[in-house]
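predicted model and sequence below, questions to follow.
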Amino acid sequence: AQSVTQLGSHVSVSEGALVLLRCNYSSSVPPYLFWYVQYPNQGLQLLLKYTSAATLVKGINGFEAEFKKSETSFHLTKPSAHMSDAAEYFCAVTRGGYQKVTFGTGTKLQVIP
Amino acid sequence: DVKVTQSSRYLVKRTGEKVFLECVQDMDHENMFWYRQDPGLGLRLIYFSYDVKMKEKGDIPEGYSVSREKKERFSLILESASTNQTSMYLCASSSPLGTENTGELFFGEGSRLTVL
C-alpha cells in the first residue's frame, strides 16, 4: 500500500519569506512522487515530479523539492514567497501499474503582504 | 494546448435524481480517473479506467458508476444522488508509465455538485 502525509493543512508565510511544505510518503517500492498546485476554482496542475533520476527536482514558478529516501520525505520549497503562490498544494505518490495515484490531504498556503 | 474538459462547472440537483458528469480529453490518453475533493480529505479516487469499456473501483466507489464507451470520454454517474455526495468532482487523464511518460495527471477544472 502507498500513502502520503502532508504536515499542516494551513501554512502562512510573509511575502519574500521561505516557503516549506512538508510531505512524507509510504511505499513498498520505489515511488514516483509529485507536487500539484490548485488555484481557487480550478483543477490541479503539476508543479514538479520525482521519477528516480536526480533527487533535487526543480519545478515551475521557482519551486523545488528534494527526495530523501532515508527520511521518506519529499518536501516542497521556494526561497521567496510571492503573493501569486497563494493556493492549495497537494503531494502525491504512485508506484506504477495502472498509475493509481494517492494524494495527500493538501496544504493551503497563505502569503501575507 | 492539451485539455481535459468537464461538461458542467456547477450543478444543483435534488436528492434521488440521477446525475451525469461528463469528461472529455483530447490527448489520446489511455487512463482516465474520477476523483472527489472534500475539505480536509484531499482527493479520493472514485473510479478509473485504463482502456475503453474497462473500469476499476477506486477507494470510494459506493454510490457511483462510470462509463467509458470511447477513449476520449469518461462519464461519472450518480444513480440516486444523496446530500453526502455534495462535493467537487475532478476528472483526470494520463498515459501509461513508460520511458517517456512519468505518470503526470492532467486535470479538468472540476464540477461542483450540490445535492439538496
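Received, thanks.

tell me the strands beside the worst-scoring helix or strand of chain A on mean pLDDT, with direction?
Using mean pLDDT, DSSP states H and E, the weakest-scoring helix or strand in chain A turns out to be strand A:102-103, at a mean of 89. Here strand A:102-103 has these sheet partners by DSSP bridges: strand A:87-94 (antiparallel).

got a list of contacts for the strand it pairs with?
Identification of contacts with strand A:87-94 by CB atoms under 8 Å, 6 or more residues apart in numbering or on different chains yields A:2-4, A:6, A:21, A:23, A:25, A:27, A:31-40, A:44, A:47, A:74, A:76, A:100-104, A:106-109, B:42-43, B:103, B:105. Using the backbone N, CA and C atoms, a C-beta is placed for each residue, glycine as well.

could you pull up the mean pLDDT of that strand?
For strand A:87-94, mean pLDDT is 93.

A:T77 is in contact with A:V19, isn't it?
Yes: A:T77 lies in contact with A:V19 (CB atoms under 8 Å); the separation is 6.2 Å.

quickly list what's touching both of those two.
In contact with both A:T77 and A:V19: A:F63, using CB under 8 Å, 6+ apart.

more neighbours, those two?
Neighbour totals were compared for A:T77 and A:V19, and A:V19 leads with 19 against 14 (other CB atoms under 10 Å in any protein chain shown).

let me see the contact set for that one.
Each residue near A:V19 by CB under 8 Å, 6+ apart is listed here: A:V11, A:V13, A:F63, A:L76, A:T77, A:K78, A:A81, A:D85, A:L109.

from A:S73, how far off is it?
For A:V19, the distance to A:S73 equals 16 Å [CB to CB, to the nearest Å].

okay, and the beta partners of the residue nearest to A:Q45 when sequence neighbours are not counted?
Closest residue to A:Q45 apart from its sequence neighbours, by CB to CB, 6 or more residues apart in numbering or on different chains: A:V37 at 6.0 Å. Residues in a beta bridge with A:V37, per DSSP bridges, are A:Q45, A:Y89.

ok, A:V37 touching A:L44?
Yes: between A:V37 and A:L44 there is a contact under CB under 8 Å: 6.9 Å.

dump the residue contacts of A:M83.
The neighbours of A:M83, taking CB under 8 Å, 6+ apart as the test, are A:E15, A:V111, A:P113.

who wins for neighbours among those?
When the contacts of A:M83 are compared by neighbour count (other CB under 10 Å), A:V111 ends up highest, at 19 neighbours.

in JSON lines: the contacts of A:V19, plus distance to chain B and secondary structure.
Below are the contacts of A:V19 laid out as JSON lines (distance: CB to the nearest CB, whole Å; DSSP: H, G, I helix; E, B strand; the rest coil):
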{"residue": "A:V11", "distance to chain B": "15", "secondary structure": "strand"}
{"residue": "A:V13", "distance to chain B": "21", "secondary structure": "strand"}
{"residue": "A:F63", "distance to chain B": "15", "secondary structure": "coil"}
{"residue": "A:L76", "distance to chain B": "15", "secondary structure": "strand"}
{"residue": "A:T77", "distance to chain B": "21", "secondary structure": "strand"}
{"residue": "A:K78", "distance to chain B": "20", "secondary structure": "strand"}
{"residue": "A:A81", "distance to chain B": "23", "secondary structure": "coil"}
{"residue": "A:D85", "distance to chain B": "19", "secondary structure": "helix"}
{"residue": "A:L109", "distance to chain B": "15", "secondary structure": "strand"}
